[in-house]
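# Sequence and predicted structure, then a few things I'm wondering about:
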There are 2 protein chains.
Amino acid sequence: MRVGIVGLGLIGGSLGLALRSRSAARTDSTRNYTILGVSRRSQVCQQAIAIGAADEASVNFDCLATADVVILCTPIAAIEPTVRSLLPHLKSTTVLTDVGSVKASIVETIAPLWPNFVGGHPMAGKAESGLDVAEADLFVQKPYVLTPIDSTPPEAIAIVTEIAKAVGAIVYECEPEAHDRAVAWISHLPVMVSASLIRACLSEPDATIQNLAQKLASSGFRDASRVGGGVPELGVMMACYNQAALRQALLIYRDRLDEMIDCVDRADWDAIEALLTETQAARPRFLQED
Amino acid sequence: MRVGIVGLGLIGGSLGLALRSRSAARTDSTRNYTILGVSRRSQVCQQAIAIGAADEASVNFDCLATADVVILCTPIAAIEPTVRSLLPHLKSTTVLTDVGSVKASIVETIAPLWPNFVGGHPMAGKAESGLDVAEADLFVQKPYVLTPIDSTPPEAIAIVTEIAKAVGAIVYECEPEAHDRAVAWISHLPVMVSASLIRACLSEPDATIQNLAQKLASSGFRDASRVGGGVPELGVMMACYNQAALRQALLIYRDRLDEMIDCVDRADWDAIEALLTETQAARPRFLQED
């Protein structure tokens, strides 16, 4: 299978490495993948070939004329303009998929332009970005969500499913809106909650206490504040492209917070113990490994 | 120096191990520590001697008659009754200190009973508790906060400071109320914020999306939810003994959260980027190693 990858950063590069290492280790019963990489920068194209993330690489879309499937690995904002430039170069049977971390707005925009489109979201990442930190094992045992709609051809879903499984991921299938609501809870809401925690701690007006708090902060603060202290562009992207689901999650979070504040106000320690017993029991359900 | 330790759990046991290993490695210029352990259970006394956390150990306070300093390592609720039973056994020069994670209420209660009292809080811990998991290195490079008041004798402060340094900790000194406000921000508030995050995620009414969210949760949710899914008794203790400072921190946190919600409502992505740029820049100030 000839697989085009547009955008050779962490995700695109890792997909290339994973599919090519899979081909290198293939037996007669497994598929051989030829990776056709596209990047705006020729230096990145050369690097992709050098490290084994692509068999061929180019700064233009001509090389994708023979692709059976093309995976869009650009930032979300670049997806639509990239697709509009790309489509004239593809044969009509080519399957198109993306790796964007929100799905409803992307599927709404791209599916009408290309019926053979399947929305996708491999849920793997690193603090760093770029081809330098790409790795073949990035997706192993990680969720890979596909969000087909009623009009998506079953053959297109089958091909993207095969690729997701080939890189070692666990494949889930759901509606684009269900994906966006689920990631609002467990990925986008935590960023806003965690960032608000950092900003609250910065609100202490007494400089001595502010300084002491900074000295005394340890693993509890470190973990609770991690996603709120990450790359700002990621948080903006979540808010911008998943506004409705994030807003709903934030409002419900505020209700839960108010319940906690109310318990503290009323000195109702039994109620706080009940709430914390509930959260202690529930948390492992979100951390199960498949 | 003869050091009494009342309560031989994780903290008491680790203090004993640390001070005794310090004595074992002593040169002529360092102090020798003899550890007198007290536990309600004779089995724990025997274990403390066996693992080297105490030189002598007893189920009653008689053995503390010769102690130069006594460290209270019981749960917070047991501190006052323990002190009232203990005092008749001490010589008047004995320095008393505790390891409770809130300070104002403890200092208010104990200082009037024993002028030679210095409030203390070694900020080290583990997910597990008990003497089985005690270790000599628990306090190395960790903060150890002392909260003397105007009436505290300087000699008493000097002795507890010496012990804190002997176990390898970094010593801070502040008023009890300043300690409680600082830990409300970086230790107690994160528990309530994190628990509310878990409860919010459990609020999704659609079972399919709830289940999907649990499947897709990864390291971001794992870290942000860790302290909210911990032992309920710890969170209750924080709320109960540090109610005023925690309440104040929660109310200011809610203001910061409302600002975030307002940005999402208004689709003001520039404002969100500014907030997240602020938190990205500020977080490292809370994570510096001394």
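Sure, I can see it.

# only C-alpha atoms for contact and neighbour calcs from this point on.
OK.

# Show me the domain layout of chain A.
As given by automatic domain parsing, the domain ranges for chain A are A:2-174, A:178-286.

# Could you export these to CSV, including columns for mean neighbour count, mean pLDDT and distance to B:G119?
Converted to CSV, the domains of chain A look like this (neighbours: other CA atoms under 10 Å in any protein chain shown; pLDDT from 0 to 100; distance: least, CA to CA, whole Å):
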stretch, mean neighbour count, mean pLDDT, distance to B:G119
domain A:2-174, 19, 95, 41
domain A:178-286, 21, 97, 16
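
# Turn these into a markdown table, including distance to chain B.
Shown next, in a markdown table, are the domains of chain A (distance: least, CA to the nearest CA, whole Å):
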| stretch | distance to chain B |
| --- | --- |
| domain A:2-174 | 6 |
| domain A:178-286 | 4 |
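
# looking at these, which is closest to B:P81?
Relative to B:P81, the nearest member of those by CA to CA is domain A:178-286, separated by 20.9 Å.

# Quick check: end-to-end length of the closest one?
Its first and final residues considered, domain A:178-286 spans 17 Å by CA to CA, to the nearest Å.

# what separates it from the chain centre, distance-wise?
Taking CA atoms, centre = their mean, to the nearest Å, one finds the center of domain A:178-286 at 20 Å from the center of the full chain.

# Can you redo the domains of chain A as TSV, where the extra columns are distance to B:M192?
As requested, the domains of chain A are arranged in TSV below (distance: least, CA to CA, whole Å):
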stretch	distance to B:M192
domain A:2-174	26
domain A:178-286	7
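
# give the contact list for the residue nearest in space to the middle of chain A.
In chain A, the centroid-proximal residue (CA atoms, centre = their mean) is A:S101; its distance is 3.9 Å. Going by CA atoms under 8 Å, 6 or more residues apart in numbering or on different chains, A:S101 touches A:76, A:121, A:123, A:238.

# likewise A:H179?
Going by CA under 8 Å, 6+ apart, A:H179 touches A:102-103, A:145, A:147, B:209, B:212.

# Mind putting these into CSV with distance to B:L131 and secondary structure?
Converted to CSV, the contacts of A:H179 look like this (distance: CA to CA, whole Å; DSSP: H, G, I helix; E, B strand; the rest coil):
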residue, distance to B:L131, secondary structure
A:V102, 48, coil
A:K103, 51, coil
A:V145, 46, strand
A:T147, 52, strand
B:I209, 43, helix
B:L212, 41, helix
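
# now, which of these sits nearest A:V83?
Taking the contacts of A:H179 together and measuring to A:V83 by CA to CA, the closest member is A:K103, at 15.4 Å.

# How about the closest one: what's its closest non-neighbour residue?
Excluding the flanking residues, the one nearest A:K103 by CA to CA, 6 or more residues apart in numbering or on different chains is A:P176, at 5.1 Å.

# Strands of the stretch 101-250 of chain A, start to end?
For the stretch 101-250 of chain A, the strands defined by DSSP state E, counting those that start in this stretch cover A:117-122, A:143-147, A:170-173.

# can these go into JSON lines with extra columns for distance to B:A200?
Output for those, formatted as JSON lines (distance: least, CA to CA, whole Å):
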{"stretch": "strand A:117-122", "distance to B:A200": "24"}
{"stretch": "strand A:143-147", "distance to B:A200": "22"}
{"stretch": "strand A:170-173", "distance to B:A200": "23"}
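
# Ok, which of those comes nearest A:E233?
Nearest to A:E233, of all those, is strand A:117-122, at 18.0 Å by CA to CA.
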